[in-house]
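K.L.:
structure here, sequence nowhere to be found:
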């Protein structure tokens with residue numbers, strides 16, 4: 001990747017890429033369309049990102065609004081409540097894009113590899129939240145459920161859209177309730193933040 005590509009132009013390309021993916025989905029997004037929208041040559045895009053998968057995943061992740069590493073409220077419940085807020089705030093934009101990438105990734109190993117690499121820092125940030133709770137003695141030791149924390153939260157965000165319902169995009173009340181009744185007990189911690197509203201039912205019980 002060339003370091004001579006201006007940062008402002010990089011942001012323009014990433015913004016345009018996310019917009020196109022949101023409108024068309026991953027499979028219908030082409031490097032040609034991104035090049036045309038940004039007045040950039042295809043050769044430049046391939047030189048900077050290598051392939052469409054890497055470009056799309058960077059665009060989606062950089063503009064996702066998700067940055068768990070910035071969270072540190074001083075308590076486990078507070079941190080996970082902030083995680084819920086962060087996920088809910090951009091769910092309307094992020095969920096359809098992520099579902100589209102997940103579908104396309106079944107036939108595109110490069111896409112899944114790029115997505116996994118981009119998600120790793122967020123997974124580590126979640127583990128760091130639990131590690132801080134252990135250091136504060138909120139937890140006696142790292143609970144076994146820590147290694148599944150990313151799966152619990154991903155499922156909470158995506159499952160409502162997969163199960164359907166009148167309004168399948170999660171909101172803050174739903175995710176905070178989920179953290180309180182599922183995630184904190186799984187980690188062996190007591191619920192200790194107030195309700196932010198009544199959680200909605202997003203689909204039938206399985």
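P.N.:
The structure has been received and is ready for your questions. The structure displayed is predicted, hence computed values, not measured ones. Numbers count the residues shown, from 1 in each chain.
K.L.:
figure out how far stretch 17-30 is from the centre of its chain.
P.N.:
17 Å (Cα atoms, centre = their mean, to the nearest Å).
K.L.:
meant to ask about stretch 17-36
P.N.:
19 Å.
K.L.:
so how far is the first residue of it from its last?
P.N.:
11 Å (Cα to Cα, to the nearest Å).
K.L.:
quick one: low-confidence ranges for this protein?
P.N.:
Within the chain, the ranges that satisfy pLDDT under 70 run 1-3, 165-168, 190-206.
K.L.:
can you list the domains in it?
P.N.:
7-62, 68-186 (automatic domain parsing).
K.L.:
helix/strand/coil for residue 73?
P.N.:
coil (DSSP: H, G, I helix; E, B strand; the rest coil).
K.L.:
where does residue 74 fall, phi/psi-wise?
P.N.:
As for residue 74, its main-chain torsions (degrees, to the nearest 10) stand at phi 100, psi 0.
K.L.:
ok, it to residue 33 distance?
P.N.:
46 Å (Cβ to Cβ, to the nearest Å). Just so you know, the C-beta spots here come from the backbone N, C-alpha and C atoms, and that holds for glycine as well.
K.L.:
so who does the closest residue to residue 22 other than its chain neighbours touch?
P.N.:
Nearest-residue entry for residue 22: residue 97, 5.8 Å, with adjacent residues in sequence omitted and distances by Cβ to Cβ, 6 or more residues apart in numbering. Counting by Cβ atoms under 8 Å, 6 or more residues apart in numbering, residue 97 touches 18, 21, 22, 60.
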